[in-house]
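Q: I need the structure of the sequence given here:
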Amino acid sequence: RREVVAVAILNNLPFCVILAATQHFLTHELEMPDLSPLITFGCVFAAMVGSVGNAWLINVGWSLRRRMVLVCALQAASAVVLAGASLLPPRVGLAMTMLGVTAIGLGQAVGETSLIADLKVIPPALGMWGLGTGLSGLAGPFVYVAAGALGANDGSVFLATLAVPVLFWLVFGRLGALLARAGAQHLMDSADEHPAVAEGGRKGGAHRFVLVLRHTGFVALNLVLVYALEYGIYP
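A: Numbers count the residues shown, from 1 in each chain. Sure, this is the predicted structure:
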């Protein structure tokens with residue numbers, strides 16, 4: 001189950017690193033400390049949109065593999081946008097920062113709600129996912145502090161996270177073997193046999209969308225509550 005732990009870490013690590021870096025970037029580089037709560041808003045907003053958006057993607061037929069391509073694209077886009085923000089005037093940099101934070105938040109939310117919901121077919125995997133999430137929460141700030149101690153600026157840290165989607169995709173590919181052993185290989189390449197839509201219903205239809213929300217809703221609710229409580233406490 002090491003693959004599950006690794007994917008959980010790689011799904012959450014760039015989010016944790018970028019969250020730490022953007023707080024510092026907004027306060028010290030853009031000199032806008034009073035606007036740092038916007039980072040919290042971006043995280044919670046992305047969690048809500050990403051969770052519901054993932055349900056919609058399943059509803060219209062996006063397979064797990066296709067949704068993970070989207071996660072990798074959002075991780076990479078966030079890194080590039082945030083690195084670019086460090087080179088722009090403060091007002092433009094602020095807008096780019098919010099765009100980058102929202103992108104990484106969307107990717108993290110889609111990845112988490114997708115994988116937790118689909119990995120239910122491998123019971124031990126949920127505990128392994130929790131372990132990976134916890135490790136990434138510890139590793140993220142440590143990575144940022146260590147990078148700063150080595151002399152890296154915020155822009156360099158943002159660019160360095162470009163390595164994560166590459167690693168994420170490589171490790172995610174190994175999950176196919178785990179799903180195959182659990183008799184759920186079909187989840188990788190088709191959403192039509194997803195547990196939430198197994199009852200049938202027209203692709204893209206309202207009834208099927210409700211079924212998907214029912215399947216992923218508890219995960220999505222917990223994700224939003226964690227962001228709202230954790231990042232609402234500080235600042």
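Q: residue ranges with poor pLDDT in the chain?
A: By pLDDT under 70, the weakly predicted segments of the chain are 1, 182, 184-186, 190-235.
Q: quick one: the helices in it?
A: Assigned by DSSP state H, the helices in the chain fall at 2-24, 37-59, 64-85, 90-118, 124-149, 154-160, 163-181, 186-189, 206-233.
Q: Now do the longest one against helix 163-181, angle only.
A: Taking axes from the mean of the first three to the mean of the last three CA atoms, to 10 degrees, helix 90-118 and helix 163-181 form an angle of 10 degrees between their directions.
Q: now the fifth one
A: Angle between the axes of helix 124-149 and helix 163-181 is 170 degrees (criterion: the same axes, to 10 degrees).
Q: export the helices of the chain to CSV and tack on mean neighbour count and distance to residue 31?
A: To be clear about C-beta, it is placed using only N, CA and C from the backbone, and glycine gets the same treatment. Formatted as CSV, the entries for these read as follows, by neighbours: other CB atoms under 10 Å; distance: least, CB to CB, whole Å:
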stretch, mean neighbour count, distance to residue 31
helix 2-24, 23, 12
helix 37-59, 21, 14
helix 64-85, 21, 14
helix 90-118, 23, 7
helix 124-149, 16, 18
helix 154-160, 20, 13
helix 163-181, 17, 29
helix 186-189, 17, 47
helix 206-233, 16, 21
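Q: looking at those, which is closest to residue 30?
A: Put simply, out of the helices of the chain the one that sits nearest residue 30 is helix 90-118, at 4.8 Å, with distance taken as CB to CB.
Q: could you say what helices and strands the closest one packs with?
A: With contacts taken as 3 or more CB pairs under 8 Å, 6 or more residues apart in numbering; DSSP states H and E, helix 90-118 sits against helix 2-24, helix 37-59, helix 64-85, helix 124-149, helix 206-233.
Q: rewinding a little: JSON lines for the helices of the chain, including distance to residue 30?
A: Shown next, in JSON lines, are those (distance: least, CB to CB, whole Å):
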{"stretch": "helix 2-24", "distance to residue 30": "10"}
{"stretch": "helix 37-59", "distance to residue 30": "11"}
{"stretch": "helix 64-85", "distance to residue 30": "8"}
{"stretch": "helix 90-118", "distance to residue 30": "5"}
{"stretch": "helix 124-149", "distance to residue 30": "17"}
{"stretch": "helix 154-160", "distance to residue 30": "10"}
{"stretch": "helix 163-181", "distance to residue 30": "24"}
{"stretch": "helix 186-189", "distance to residue 30": "42"}
{"stretch": "helix 206-233", "distance to residue 30": "19"}
